[in-house]
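Enquirer: Sharing a sequence plus its predicted fold:
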Amino acid sequence: RRELAVPAVAVAAAAAAAIALLHSKGKLFGKRSTVRRLKELLSPVPPDIVIAQSTAPQHIADIAGAAGVLESELEQYGPMKAKVSLDILERLQHRKNGYYVVVGGITPTPLGEGKSTTTVGVSQALGLLNKSVVTCVRQ
């Protein structure tokens with residue numbers, strides 16, 4: 001396992017640069033993306049709870065399918081949560097291992113940009129670079 005410490009400001013700046021570059025070339029979203037595009041910007045920005053309640057969660061089967069998980073490898077517990085069978089490890093054993101990136105220990109900026117913002121920004125930037133990305137944010 002390799003660990004790399006990178007200042008959050010540098011990561012956020014690189015993510016913003018990648019997004020701006022791809023946006024300028026018209027390549028903002030890939031074919032496999034499950035991203036829902038923002039319909040309108042609100043001013044002032046509403047509270048988090050209002051934002052969270054303004055949309056319906058995606059079904060876990062759709063998210064798993066976009067990540068390449070087969071239906072037979074998914075044990076669903078309702079439409080919103082599931083366990084992934086360890087059989088997937090055998091099916092994907094020929095593939096090269098990816099990277100596990102942990103964003104932690106960041107002091108938020110005065111605007112509140114901290115671990116969650118950096119995590120989502122990095123994952124979006126990697127996705128825009130056509131990398132296969134899965135993001136987990138626990139609150």
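Expert: Yep, it's here.
Enquirer: From start to finish, how long is stretch 100-114 in a straight line?
Expert: Stretch 100-114 has an end-to-end distance of 19 Å (CA to CA, to the nearest Å).
Enquirer: and that stretch, what's its mean pLDDT?
Expert: This predicted structure assigns stretch 100-114 an average pLDDT of 81.
Enquirer: Pull out the buried positions in it.
Expert: For stretch 100-114, burial by neighbour count (16 or more other CB atoms under 10 Å) applies to 103, 106. No exception for glycine: its C-beta is placed from N, CA and C like everyone else's.
Enquirer: Could you do stretch 120-128 as well?
Expert: Residues of stretch 120-128 classed as buried by neighbour count (16+ other CB under 10 Å): 121, 122, 123, 124, 125, 126, 127, 128.
Enquirer: Can you lay out those residues as TSV showing secondary structure, pLDDT and distance to residue 44?
Expert: Output for the buried residues of stretch 120-128, formatted as TSV (DSSP: H, G, I helix; E, B strand; the rest coil; pLDDT from 0 to 100; distance: CB to CB, whole Å):
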residue	secondary structure	pLDDT	distance to residue 44
121	helix	86	21
122	helix	88	26
123	helix	87	26
124	helix	85	23
125	helix	87	26
126	helix	87	30
127	helix	83	28
128	helix	84	28
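Enquirer: can you redo these as TSV with distance to residue 68?
Expert: Formatted as TSV, the buried residues of stretch 120-128 follow (distance: CB to CB, whole Å):
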residue	distance to residue 68
121	23
122	20
123	16
124	19
125	20
126	16
127	14
128	19
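Enquirer: Can you tell me which of those is closest to residue 54?
Expert: Distance to residue 54, by CB to CB, is smallest for residue 124 among the buried residues of stretch 120-128, at 19.5 Å.
Enquirer: where do the helices sit along the chain?
Expert: For the chain, applying DSSP state H gives helices covering 8-24, 48-53, 60-66, 87-91, 115-128.
Enquirer: The third one - contacts with which helices or strands?
Expert: Counting contacts by 3 or more CB pairs under 8 Å, 6 or more residues apart in numbering; DSSP states H and E, helix 60-66 packs against strand 74-76, strand 82-84.
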